[in-house]
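>>> got a structure for you, letters missing:
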């Protein structure tokens with residue numbers, strides 16, 4: 001695939017967690033502390049300010065926004081009165097919370113860094129945390145190498161998560177109660193570093209790889225079948241638009257908070273693809 005992405009919106013600090021919902025692309029401008037929604041013309045709206053730094057996004061079964069608040073390690077819900085705490089994850093997460101996928105039952109799977117990436121601290125394994133719609137939270141996977149972007153297959157039975165520090169995609173079976181079993185390697189992807197991911201109808205995963213400045217489409221087992229280069233770094237991706245055949249790519253020149261706020265090189269770029277998105281998010 002040789003198509004060059006077009007710019008949908010620019011001037012962002014650090015876009016992450018793009019999600020297609022109700023005919024708009026929603027995203028966390030993480031270092032600007034804002035959740036933004038963008039329509040197909042590039043017109044944007046600030047939906048909510050998140051002081052604790054927003055990351056993963058999703059929705060309850062009745063359509064209310066869920067957002068990960070990173071630095072205080074909480075899952076929040078946007079109600080008519082403002083942000084409400086669904087669950088405090090500070091006693092479960094080793095470090096700042098990060099990306100999230102929410103399934104068709106409103107159950108949220110939240111990852112975390114495991115260690116202070118920005119300060120270049122030593123690696124420490126992290127947890128994947130399940131939060132039920134009632135706000136009950138528990139660790140459903142341990143010893144994860146920086147669990148990041150995640151997807152759930154259309155049948156709701158398989159969760160695939162990118163382990164950024166492990167250069168792999170890891171799959172789990174989802175039990176009826178939401179807990180995870182049968183952990184296995186879905187694909188080794190080095191030299192790619194998987195950040196945000198999304199799933200298509202041929203059971204391929206699009207992986208945003210910031211270190212190699214691209215998004216790559218990967219089959220189970222690790223075969224790369226498509227790749228698209230970006231000018232800076234690709235941090236996340238999402239299939240949306242008409243028929244979910246537009247690949248939206250979150251890019252920026254840096255993930256360092258102060259530099260991101262100063263330079264505001266963040267963009268959402270878009271390119272048409274042939275296979276539609278499926279599953280969650």
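Yep, that arrived. Computed from a predicted model, the values in this text were never measured in an experiment.
>>> okay, now the closest residue in space to residue 202 that isn't next to it in sequence: neighbour count?
Excluding the flanking residues, the one nearest residue 202 by CB to CB, 6 or more residues apart in numbering is residue 275, at 5.2 Å. C-betas here are computed from N, CA, C, even on glycine. Here the count is done by other CB atoms under 10 Å, and residue 275 has 19 residues near it.
>>> again with residue 272
Considering only other CB under 10 Å, residue 272 is surrounded by 14 other residues.
>>> pretty sure it contacts residue 245?
Yes. With contact defined as CB atoms under 8 Å, residue 272 counts as touching residue 245 (6.1 Å).
>>> What does the pLDDT read for the residue nearest to residue 202?
For residue 275, the model assigns a pLDDT of 98.
>>> That one: helix or strand, and which one exactly?
Here residue 275, judged by DSSP states H and E, is contained in no helix and no strand.
>>> which residues touch it?
Residues near residue 275 by CB atoms under 8 Å, 6 or more residues apart in numbering: 200, 201, 202, 204, 245.
>>> Please repeat the previous calculation with a cut-off of 10 Å.
200-204, 206, 217, 225-226, 239, 243-245, 247 (CB atoms under 10 Å, 6 or more residues apart in numbering).
>>> Out of those residues, the closest to residue 50 would be?
residue 239 (24.6 Å; CB to CB).
>>> Residue 274 is in contact with the closest one, correct?
No. Using CB atoms under 10 Å, residue 239 is not in contact with residue 274; the gap is 11.2 Å.
>>> Find the residues that touch each one of these two.
Common contact partners of residue 239 and residue 274 (CB under 10 Å, 6+ apart): 200, 245.
>>> Between the two, tell me which one has more neighbours.
Remark: of residue 239 and residue 274, residue 239 carries more neighbours, 24 against 9, as counted by other CB under 10 Å.
>>> What score does the more buried one have for pLDDT?
At residue 239, the pLDDT recorded in the model is 98.
>>> returning to that earlier point: write a PyMOL command that selects only the buried members of the contacts of residue 275.
In PyMOL, a selection of the buried entries from the contacts of residue 275 looks like this (16 or more other CB atoms under 10 Å):
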select buried, resi 200+204+206+217+226+239+244+245+247
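>>> Include distance to residue 104 and secondary structure when you put the contacts of residue 275 into CSV, please.
Listed next are these as CSV, based on distance: CB to CB, whole Å; DSSP: H, G, I helix; E, B strand; the rest coil:
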residue, distance to residue 104, secondary structure
200, 18, strand
201, 17, coil
202, 21, coil
203, 18, coil
204, 21, coil
206, 21, strand
217, 24, strand
225, 27, strand
226, 28, strand
239, 17, strand
243, 20, helix
244, 16, helix
245, 22, coil
247, 23, strand
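>>> Among the contacts of residue 275, give me the pair with the biggest separation.
225 and 243 (19.6 Å).
>>> show me where the stretch 151-281 of the chain has helices.
In the stretch 151-281 of the chain, the helices defined using DSSP state H, counting those that start in this stretch lie at 257-263.
>>> For the stretch 1-150 of the chain, just list every one of the strands.
6-12, 15-21, 24-29, 34-38, 44-49, 54-59, 65-69, 74-79, 82-88, 97-102, 108-112, 126-131, 137-144, 147-152 (DSSP state E, counting those that start in this stretch).
>>> no, scratch that, I was asking about the stretch 151-281 of the chain
Under DSSP E, counting those that start in this stretch, the stretch 151-281 of the chain gives strands at 158-163, 168-174, 180-188, 197-199, 205-209, 214-218, 224-229, 233-240, 246-252, 266-272.
>>> Now render the ones you listed as CSV, adding distance to residue 45.
Shown next, in CSV, are the strands of the stretch 151-281 of the chain (distance: least, CB to CB, whole Å):
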stretch, distance to residue 45
strand 158-163, 29
strand 168-174, 33
strand 180-188, 35
strand 197-199, 22
strand 205-209, 24
strand 214-218, 26
strand 224-229, 27
strand 233-240, 16
strand 246-252, 16
strand 266-272, 14
